[in-house]
Structures are given as structure tokens and as C-alpha cells.
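>>> With the sequence up front, the predicted model follows.
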Amino acid sequence: MAIIPVSARRFALALIAAAALVGAAAPALAQEAPDVMVKRVAQDVIATIKADPAIQAGNEARIRDVLEAKLLPNFDFTRMTALAMGKNWRSATPEQQKRITDEFRALLVRTYSGALNQYRNETIDYKPLRMNAGDNEVVVRTLVQRAAGAPIQIDYGMEKKADAWKCYDVVVAGVSLVTNYRDEFNEQIKNGGVDGLVKTLADRNRGVAAK
Amino acid sequence: MSAAPERGRPALSRAALAVAVALLAGCAGAPSREDPFEPMNRALYQFHDTVDTAVVKPVAQAYIDVVPQLIRTGVSNVFNNIEDLISALNGLLQGKLDKLDNDLARVLLNTAFGLGGIFDLASMVGLERGNEDFGQTFGAWGLPQGPYLFVPFFGPTTVRDGSGAIVRVMVGPVGYIGDVAVRNSLYGVGAVDLRAQALSAGAIVDTAALDRYLFIRNAYLQRRRYLLYDGKPPPEPEEP
């Protein structure tokens, strides 16, 4: 009975060690500051894109894979969609909310991968973060320096979630993505109801041109 | 004859009434208080977009395909150098002396050491462009934005920004060049340069927009608000 096989004891020890590691790592990850996170993710995505010959050759499907794996888990698309829908969000059923969120996400991914396809050795300056202890929402400010043309300010609206900071808005040169869609969503809903918005988003994602 | 003006007056007031009714009808139907003339603007946008797609965009694309990047950047920089001087003037008009300072330093540096503005040395040493213009100056002076307008071949604007653009043309310097051919060539190159710079943004609008007219209008109004408040706009009031 005292003879617990050595391998089992080792296994138990390994389990405890793993649990301890996970326990230590989880709060460490949650504590990653939002600006540190934006920088880490951006550098990771850029390094991957630069190192991938298929992407350099203009393969958009590959860019989308990289975005799915590295970038998108850091976004809160439900909050983004709710903000873009404004007061209409509450009048949509949970089923409709989910469909709109999925379609909106797909639209943003298409837009993003198209924009990243034009990536040509831009460098990103990270501005100092203004944040008070206990803030649950901050704006991470960056300035993208281009080889040609004026630098573009890109800001990320970030919110603190249970596990990590998530991005809920991207503001390009003062133009908020979420705000920009508000009138368009409103118009679609006014003309064709919430289902009309779902249909328009789905059509756009299937490549039907906007009017 | 005294009858004519008497006939004229009712006719005039009838016309005024018709305009007022049209405006009110426009207001009632429009989703945005900032764009009371939406039906008219949409028609103008359609016209603009058709001609732009058929003629202007291909010319801008050809410019990019034929002229090397280095030269295009130089062309942009020369025009920007003039705009930096205009920006300095507008900084002064708004009492933003830091902007005045910044933009004058840019112009001096780029004109003296950047071969008359061909090279943007100022940006390389971290002097960002001030981006002030007459539309923002009118805003800083308290003039209301006025209705949104889409002007074919010019693009999105508002009554306030459009007035600023007219003042901008009057200030020169291109308008004061005596040689008509040179003057028109400069206007032409300036326009193609601007359109070429906007090509990649246009591609993004084509992918992202559900309704390109609304997308462009909202992006324009957001951008102008952002510039008016020097990058720190107050939160927008919630829609009722």
C-alpha cells in the first residue's frame, strides 16, 4: 500500500506542478497591461506576415488564417456589434444578435485582411498609455509610420474582461469603426428590419457590391 | 410698373415657401440631422461616382503605375509644404500658437533644406503636420457646421468646410500664377496627386461599406470633428 509506483508518484507531482504553473500564469496573463498586449499582438502579427512567403505573394486566405489565430481572439465582437447597432441591439432576438455578430465579424476580417495585404514595412509608434488604477476601459494610441504618405493615427478602444483586455473599437485617424457603422445599420434596419441587416451583411460577405 | 414687383414678391415668397417645404420634407425623411439634403446629395454622389470610376480613378491609377514612388512623394510633399504654410496661418487665426510654431518650423526646414519642399525632413525629425485649415478656423470661431454637402469632383464637405475651401482657393498661391497653362497644370497635378493618395482608402470603403454614401459621409464628419478638436473630441451626445 505504501508502494505507490514511482511513475504514478511522478505523474501526481507533474500534475501538481502543472496546476501551480497554471495558477501562477493565469493572473500573470490577466495582468498584462492593455498597451503591452496591443504591442505584443501587433508585433506578432506583423512578424508572421513578414515571414510568410505566401502572404508576401498576396495570398489573402493565408492572411485570414493568421488573423483568426493571432488577432481576432483579442476582439470582443459582440460588444462591437452591440455598439454599432445602438438601441436596435435590444430589439433583436439572441439568435439575430448572434447572426449579425458573426456576419459583422466576417466583414471586418475581410476589410482587415485587404488592408493588411497592402502592408509595406510600416512601423508602429506606441504612445504612452494614460490609465488610472482600476480603469476598466482605456484607449491605446498608436501612430503608424508609412514609407510613403503621412503617418496614420490608429487607436484601440480596450475593455478589461475577466481573463484579459479585449478590443471593442478601432479608431483610424479619428474615425471610429463602430460609430461609422451606426447609421448604416440603422438604415438597413429601418428599411428591412433586423433580418434586412442580416441579409445585407451576408450579401456583402458573399461579394455582392455595396450600392 | 408697380405690378411687376408686386407679382414678383409673391412669386419669390412662393419659391421660398417651396424651398422651406422641401427642406422640411428633407429633414423629416433624412436619418441624420447633419444631412438634411440627403436625397440631393445622394444623386450628386451617384453622378460623381460614375464619372470618378470611368475617368478620374483610371487617371489616378495610371499616375501611380507610370510615375515612380519617389517622384510622387516629392510632388505630394511640395503641395503639402504649401498647405503647411496655410496651416500655420490658420493656427494663427485660431490663436493656437503651438500649431503656428510647429507649422512654420516645418515650412522653414522643408523649404530651406528639403529642396523647396520636395523632401519632408520635418516629418523625419518628428514634427507632425498641423493639419489646420479655414474650415476648422470657422469652427473655432463658433460658426455652425451647416448641412453636409456632397460636391461632385470635390467630395464630401459641409457648408462651413466648403466656405473654408473657397477662402483657401482665394488665398492662393496657385490662383495668382499668370500663365494659364502653368496654373491649370498645377491644379491638375494637385488633383491627381490627391486622388491617387485616396485610392487605397477607396478600396477599403468598397470592401467595408454597406452603403458607400453613408460610409463616406460618416467617416468625413467624424474626421472633421476630430480635427476641429485637435484629436480630442468630446464624447458625442447619445441619439435619442
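Great, that's in hand. Computed from a predicted model, the values in this text were never measured in an experiment.
>>> going forward, measure contacts and count neighbours with C-alpha atoms only.
Noted.
>>> Using the three-state scheme, assign the closest residue to A:Gly86 other than its chain neighbours.
By the measure of C-alpha to C-alpha, 6 or more residues apart in numbering or on different chains, the closest residue to A:Gly86 outside its immediate chain neighbours is A:Arg182, 7.0 Å from it. In the three-state summary, A:Arg182 is assigned as helix, counting by DSSP: H, G, I helix; E, B strand; the rest coil.
>>> Go ahead and confirm A:Arg182 touches A:Ala82.
No. Because the distance of 9.8 Å does not satisfy C-alpha atoms under 8 Å, A:Arg182 is recorded as not touching A:Ala82.
>>> just to revisit the earlier point, for the residue nearest to A:Gly86, list the residues it contacts.
Under the criterion of C-alpha atoms under 8 Å, 6 or more residues apart in numbering or on different chains, the contact partners of A:Arg182 comprise A:83-86.
>>> Pull the number of nearby residues for A:Asn191.
Here the count is done by other C-alpha atoms under 10 Å in any protein chain shown, and A:Asn191 has 11 residues near it.
>>> so what's residue 174 scoring on pLDDT?
Unless you meant another one, I'm taking chain A. If you check A:Gly174, the pLDDT there is 88.
>>> ah, no, chain B please
Per-residue confidence (pLDDT) for B:Val174: 78.
>>> Do I have it right that it meets B:Val189?
No. Checked against C-alpha under 8 Å, the pair B:Val174 and B:Val189 is beyond contact range at 11.7 Å.
>>> Point out the residues in chain B that sit beside chain A.
Proximity of chain B to chain A is assessed by C-alpha under 8 Å from any C-alpha of the partner chain, with B:31, B:69, B:73, B:197, B:204, B:206-212, B:214-215, B:218-219, B:222-223, B:226-227, B:231 identified as the residues in range.
>>> in chain A, which spans are strands?
With strands called from DSSP state E, chain A shows them at A:123-126, A:137-145, A:152-160, A:165-172, A:175-176.
>>> how about the strands in chain B?
Counting by DSSP E, chain B forms strands over residues B:148-151, B:155-158, given from the N-terminal end onward.
>>> Output those in JSON lines; the columns should cover mean neighbour count and mean pLDDT.
As requested, the strands of chain B are exported to JSON lines (neighbours: other C-alpha atoms under 10 Å in any protein chain shown; pLDDT from 0 to 100):
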{"stretch": "strand B:148-151", "mean neighbour count": "22", "mean pLDDT": "94"}
{"stretch": "strand B:155-158", "mean neighbour count": "20", "mean pLDDT": "93"}
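>>> hey, which helix or strand in the chain has the poorest pLDDT?
You didn't say which chain, so I picked chain A. None of the helices or strands of chain A scores lower by mean pLDDT, DSSP states H and E than helix A:6-30, at a mean of 56.
>>> Give me the pLDDT for B:Gln136.
For B:Gln136, the model assigns a pLDDT of 93.
>>> Surely it and B:Leu228 touch.
Yes. With contacts defined as C-alpha under 8 Å, B:Gln136 counts as touching B:Leu228 at a distance of 5.3 Å.
>>> So which of these two has more stuff around it?
Neighbours were tallied for B:Gln136 and for B:Leu228 using other C-alpha under 10 Å; the higher tally belongs to B:Gln136 (25 against 20).
>>> rewinding a little: how about the strands of chain A, which one is nearest chain B?
Using C-alpha to the nearest C-alpha as the measure, strand A:175-176 is the one of these that comes nearest chain B, at 5.4 Å.
>>> Check which helices and strands the closest one is in contact with.
With contacts defined as 3 or more C-alpha pairs under 8 Å, 6 or more residues apart in numbering or on different chains; DSSP states H and E, strand A:175-176 has these neighbours: helix B:212-228.
>>> pLDDT of the helix it packs on, averaged?
Mean predicted confidence for helix B:212-228 is 91.
>>> what's that helix in contact with?
Contacts of helix B:212-228 (C-alpha under 8 Å, 6+ apart): A:173-176, A:180-181, A:183-184, A:210-211, B:42, B:45, B:131-132, B:136, B:139-140, B:148, B:156-157, B:205-206, B:209, B:232-233.
>>> Convert the C-alpha atoms of it to CSV, please.
Output in CSV follows, covering the C-alpha atoms of helix B:212-228 (Å, rounded to 0.1, in the frame of the first residue of the first chain):
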residue,chain,number,x,y,z
ARG,B,212,-20.8,53.8,-49.6
TYR,B,213,-22.6,57.1,-49.5
LEU,B,214,-23.3,56.8,-45.7
PHE,B,215,-19.9,55.3,-45.0
ILE,B,216,-18.1,58.2,-46.7
ARG,B,217,-20.4,60.8,-45.0
ASN,B,218,-19.9,59.4,-41.6
ALA,B,219,-16.2,59.0,-41.9
TYR,B,220,-15.9,62.6,-43.2
LEU,B,221,-18.0,64.1,-40.4
GLN,B,222,-16.1,62.1,-37.8
ARG,B,223,-12.7,63.0,-39.2
ARG,B,224,-13.6,66.7,-39.3
ARG,B,225,-14.9,66.7,-35.7
TYR,B,226,-11.7,65.0,-34.7
LEU,B,227,-9.6,67.7,-36.5
LEU,B,228,-11.7,70.5,-35.1
